[in-house]
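Engineer: My questions are about this predicted structure, shown below with the sequence.
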Amino acid sequence: MGESEVLFKLFGVLDVTGEVVTSWVIIALVVLFAFIGTKKLKDTPGFLQNILEVAIIKLENFFGDTLGKKSKRLKMCFPFLATMFIFIIISNYSGLIPGAGEFSWFHAPTSSLSVTAGLGIVTFCALHFFGFRTHKIHYLKHFVLPVFFMLPFLIIDEIVRPVSLALRLYGNVFGEEMVTEQLYEIIPIGAPIIMMVLSLLFCALQAIVFTMLTSIYIFEATEELE
Amino acid sequence: MDSSAMIAIAAAIAIAVSTIGPSMAQGKTAAAAMESIARQPEAANNIRSTLIIALALIEALTIYGLLIAFMLISRI
């Protein structure tokens, strides 16, 4: 299932595939962009600072809709959610750059189940971390309210959440790539453009859906216990 | 019929059947959302974000079918 070839082994044990290399490049570019953009902060923003400020304000409003505008909760979770959003959307769009998938070292990271499963696990850990941070040990009460026999169902629910987040992202991105490839094999010139234009919309939509569901889960984990 | 042909048919059935239910559900969801936006245009933003979440949750079912189809195809 989407087994990609191993380029080289890190420290002799860790397999480094094309997805890992591409995500390293993406991380490096985002860090570099943020570093250059925030190096000289001014009251009247320059070109790059302006772009970054608008992006952050838009994201803050977007997550504020579910978590509550200017709330403590938003302040706590915003760095995590925004990081996830930026990484996922750039990873999805990297699949549209000409040459993606052709070279062994250049694959869209989110078209691999390993990467999206990693994102799902990180989300799972962050969710409970935020829950424990807000309610301390009382967070465990979440699993036995309102009645005690709900415990097994709520535990299943917690496990299914990251699995479905990971599978949704992987299935959508990988599915789009497969459809584009099949169209390319039928009519090489022209036909794949239809799917690629749709991908422009779907890539952004998947990043929105992933982070919005995460923010709803965080809202549930950090809301007041009755 | 040899086993690879059986697997190919199984993959086709997996994706086809798992598309039918969610597509009907998505149609109903979208229709209801359109209706409520037409009735109350000022609530359009709220309805739109809830609609996207609902569609994504429904779509997950299709994705499970797609995943099974891919798993089957890789066994041919």
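Structural biologist: Perfect, I can see it now. Numbers count the residues shown, from 1 in each chain, chains lettered A, B, ... in the order given.
Engineer: backbone phi and psi for A:Gly99, please?
Structural biologist: phi 100, psi -20 (degrees, to the nearest 10).
Engineer: Now do the SS call for the closest residue in space to it that isn't next to it in sequence.
Structural biologist: In space, and not counting its chain neighbours, A:Gly99 is closest to A:Phe106: 6.0 Å by CB to CB, 6 or more residues apart in numbering or on different chains. C-beta: built from backbone N, CA, C; applies to glycine. Using DSSP: H, G, I helix; E, B strand; the rest coil, the structure places A:Phe106 in coil.
Engineer: residues contacting A:Phe106?
Structural biologist: Contacts for A:Phe106 (CB atoms under 8 Å, 6 or more residues apart in numbering or on different chains) come out as A:18, A:21-22, A:99-100.
Engineer: So what's the residue count around A:Val25?
Structural biologist: Using other CB atoms under 10 Å in any protein chain shown, the number of residues around A:Val25 comes to 14.
Engineer: hmm, who's touching the helix or strand containing it?
Structural biologist: For A:Val25, the element it lies in under DSSP states H and E is helix A:18-37. For helix A:18-37, the surrounding residues in contact (CB under 8 Å, 6+ apart) are A:4-5, A:7, A:48-49, A:51-52, A:86-87, A:90-91, A:94, A:103-109, A:111-112, A:114-115.
Engineer: what comes up buried for that helix?
Structural biologist: A:18-23, A:26, A:37 (16 or more other CB atoms under 10 Å in any protein chain shown).
Engineer: and what of stretch B:12-19?
Structural biologist: For stretch B:12-19, by 16+ other CB under 10 Å, it's B:14-15, B:18.
Engineer: again with stretch B:30-39
Structural biologist: Residues B:33, B:36-37 are the ones in stretch B:30-39 that count as buried (16+ other CB under 10 Å).
Engineer: For chain B, give me its nearest residue in chain A.
Structural biologist: Among the residues of chain A, A:Gly171 lies closest to chain B, at 3.4 Å counting by CB to the nearest CB.
Engineer: Can you name the residues that contact that residue?
Structural biologist: By CB under 8 Å, 6+ apart, A:Gly171 lies in contact with B:63-64, B:66-67.
Engineer: any idea of the pLDDT on it?
Structural biologist: We note a pLDDT of 87 for A:Gly171 in this prediction.
Engineer: still on that earlier bit, in strands, which of the contacts of helix A:18-37 appear?
Structural biologist: In strands, defined here by DSSP state E, the members of the contacts of helix A:18-37 are A:Leu7.
Engineer: To what extent is whichever residue of chain B sits closest to chain A buried, counted in neighbours?
Structural biologist: With CB to the nearest CB, the shortest gap between chain B and chain A falls at B:Ile63, namely 3.4 Å. Residues lying near B:Ile63 (other CB under 10 Å) number 21.
Engineer: what's the answer for A:Ile186, then?
Structural biologist: There are 8 residues near A:Ile186, going by other CB under 10 Å.
Engineer: same check, this time on A:Met84
Structural biologist: 19.
Engineer: Now for chain A, the helix or strand with the poorest mean pLDDT.
Structural biologist: Lowest on mean pLDDT, DSSP states H and E among the helices and strands of chain A sits strand A:6-10, with a mean of 73.
Engineer: could I get it in PDB with only the CA atoms?
Structural biologist: C-alpha atoms of strand A:6-10 as PDB (Å, rounded to 0.1, in the frame of the first residue of the first chain):
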ATOM      1  CA  VAL A   6      14.100   3.700   0.700                       C
ATOM      2  CA  LEU A   7      16.700   6.300  -0.400                       C
ATOM      3  CA  PHE A   8      19.200   5.800   2.400                       C
ATOM      4  CA  LYS A   9      19.300   4.700   6.000                       C
ATOM      5  CA  LEU A  10      19.700   7.300   8.800                       C
END
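Engineer: For that strand, could you pull out the residues that count as buried?
Structural biologist: Buried residues in strand A:6-10, defined by neighbour count with 16+ other CB under 10 Å: none.
Engineer: quick one: strands adjacent to that strand?
Structural biologist: If you go by DSSP bridges, strand A:6-10 pairs up with strand A:14-17 (antiparallel).
Engineer: what does the strand it pairs with rub up against?
Structural biologist: A:4-10, A:107, A:112, A:114.
Engineer: which parts of that strand are buried?
Structural biologist: In strand A:14-17, counting by 16+ other CB under 10 Å, buried: A:Thr17.
Engineer: What ranges does the chain have for its helices?
Structural biologist: Going with chain A. Per DSSP state H, chain A carries helices over the ranges A:18-37, A:47-67, A:72-94, A:113-135, A:151-186, A:191-222.
Engineer: was after chain B, sorry
Structural biologist: B:3-39, B:44-73.
Engineer: name the helices or strands packed onto the last one?
Structural biologist: So that's helix B:44-73. Judged by 3 or more CB pairs under 8 Å, 6 or more residues apart in numbering or on different chains; DSSP states H and E, helix B:44-73 is in contact with helix A:151-186, helix A:191-222, helix B:3-39.
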